[in-house]
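*Asks:* got a sequence here, can you model it:
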Amino acid sequence: MEVDEARQIALSAAAAPELAIPDTFVGDFGTQLKIFYAQLFPFKEFYKWLSYGNVQPSQFANREFSFTLASDAYLRFQSFKDAAELKQEVMKLSPVKIDIGAVYNSKPKDRKLLRPGVFNPVERELVFDIDLTDYNSVRTCCGEADICLKCWTFVTVAIKVIDRALKDDFGFMHRFWVYSGRRGVHCWVCDERARKLTAESRKAIVSYIEVIKGGDEAARKVQLSQRLHPSLRKSLDILEPAFKKRIIEDQDLLRLPAKWRSMLATIPDEDSRKRLDKFWSDNVVEPSEKWEQIVQVVTDLSKKNRKVHAPTLLNEIIFEYSYPRIDANVSHGLNHLLKSPFCVHPKTGKVCVPIDPAVCEKFDPTAVPTLSTLIQEINESKADPKDTSLEPHVQYFRDFLKRMEGEAKEARAKRRDEAEQTLAF
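*Replies:* Below is the predicted model:
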């Protein structure tokens, strides 16, 4: 559907059917969303973030936004000169979802005025997408889009592992983690150096971080060397302490035959696999005991077979069942769209709030502000929007932006020096 046509549909009340309202909402979703955009969405901070100190005047104006409307119309290549113009359009269209794309070499809304092949993305944040549906083969507590605190620990571990690698191994300082509103998280790496990475460089970084390879049919999805890479050693320090409780006990992965046979398939000895499988089928054995028996069998096997290195094999199991599962395609492309922070998820009503990676284990996805509770807070107390449960999350966003100001100042100073040198020449 063309943008102009979609816009007309969006502005026609008759053409836009009522959005389905989740059971947890009270009142009209569309009306509540308008109130949210009018009073609670942090447009000023949002502009400050994506303009990056206005070092490049076109930084914000050339950024692509996309809107998904209640009618299911999808408007791509929207662009705005400042926060006021963005807010005006958002208030008019009331999108149920806002996505953020790349910064282009021209204003996205004017792309049709350019010659074919001229309009291209020039930069965007390095982004990562973690979704719990990618863990369905190793989580038993929930399925599909459902989540609980037990399986959310997969996300917590992913944040810790990836954030450490981005900070320590690549030196990225401005990492903005955001709850997706339903079953995952997004990371926006906002350093200037990260924003200017080529697609090839992004692929290289993802390849460096990725460990799990192969589909569900692969018996071994992780292959490690005996001398573990220093980065993976640090990851193991995060994964190993909680592995037994989170994976073996909370997810109960060794209780059902189909699940335990999947883990046994990683043992490179058929007799050992059959022996454990039969023993567990004939006897009542607690999952934690089964794990200890796997450890013992692998250790004994390594003494008989020099090709089997027990620590490496056990580490491979730990990595396969708990290491982050990254949607690589989201990270590779410059023009890939990603849901905006502080959106309201249309199916859960939850706001996509930031997560502090330093204390990510305290984040509770079941307790984040929802659209209905925020509107209720305003209505019942007649409170200032700054007194709602969203404000601490907006304040975290402000603090994050303040930490980025130093880089913006350095970039402006460099730009001034370059301009002075040019004039002097």
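
*Asks:* for the stretch 101-250 of the chain, what spans make up the helices?
*Replies:* Here the stretch 101-250 of the chain has its helices, by DSSP state H, counting those that start in this stretch, at 149-164, 192-195, 199-209, 230-243.

*Asks:* could you say which of those is packed most deeply?
*Replies:* helix 149-164 (a mean of 21; mean count of other C-beta atoms under 10 Å). Bear in mind the C-beta positions are built from the backbone N, C-alpha and C, glycine included.

*Asks:* give me the contact list for that one.
*Replies:* 128, 130, 132, 135, 138-139, 141-142, 175, 177, 184-185, 187, 209, 234-235, 238-239, 242, 246, 250-251, 322-326, 355, 357, 360-361, 363-366 (C-beta atoms under 8 Å, 6 or more residues apart in numbering).

*Asks:* picking that back up, what would the helices of the stretch 101-250 of the chain look like in a markdown table with mean pLDDT?
*Replies:* What follows is those, written out as a markdown table (pLDDT from 0 to 100):
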| stretch | mean pLDDT |
| --- | --- |
| helix 149-164 | 96 |
| helix 192-195 | 96 |
| helix 199-209 | 97 |
| helix 230-243 | 94 |
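
*Asks:* closest to Gly117 out of those helices?
*Replies:* Closest to Gly117 of the helices of the stretch 101-250 of the chain is helix 199-209 (C-beta to C-beta; 17.1 Å).

*Asks:* which secondary structure elements does that closest one contact?
*Replies:* For helix 199-209, the elements it packs on are helix 328-332, judged by 3 or more C-beta pairs under 8 Å, 6 or more residues apart in numbering; DSSP states H and E.

*Asks:* same for the helix it packs on, what does it pack against?
*Replies:* Packed against helix 328-332 by the contact rule (3+ C-beta pairs under 8 Å, 6+ apart) you find strand 126-131, helix 199-209.

*Asks:* what lies in contact with it?
*Replies:* 126-129, 199, 202-203, 205-206, 210, 336, 338.

*Asks:* who does the helix or strand hosting Ser262 touch, helix- and strand-wise?
*Replies:* Taking DSSP states H and E as the definition, one finds Ser262 inside helix 257-264. Helices and strands touching helix 257-264, by 3+ C-beta pairs under 8 Å, 6+ apart, are helix 270-282, helix 287-304.

*Asks:* at 10 Å what do you get?
*Replies:* helix 270-282, helix 287-304, helix 310-322 (3 or more C-beta pairs under 10 Å, 6 or more residues apart in numbering; DSSP states H and E).

*Asks:* what residues does Gly362 make contact with?
*Replies:* Rather than Gly, residue 362 is Lys. 156, 355-356 (C-beta atoms under 10 Å, 6 or more residues apart in numbering).

*Asks:* quick one, which of the helices of the stretch 101-250 of the chain gets closest to Arg275.
*Replies:* helix 230-243 (23.5 Å).

*Asks:* isn't Glu30 right up against Ser71?
*Replies:* Check again: residue 30 is Gly, not Glu. No: using C-beta atoms under 10 Å, Gly30 is not in contact with Ser71; the gap is 11.0 Å.

*Asks:* now Gly53, nearest residue through space, not along the chain?
*Replies:* Nearest residue to Gly53 in three dimensions, chain neighbours excluded: Ala408, at 2.8 Å (C-beta to C-beta, 6 or more residues apart in numbering).
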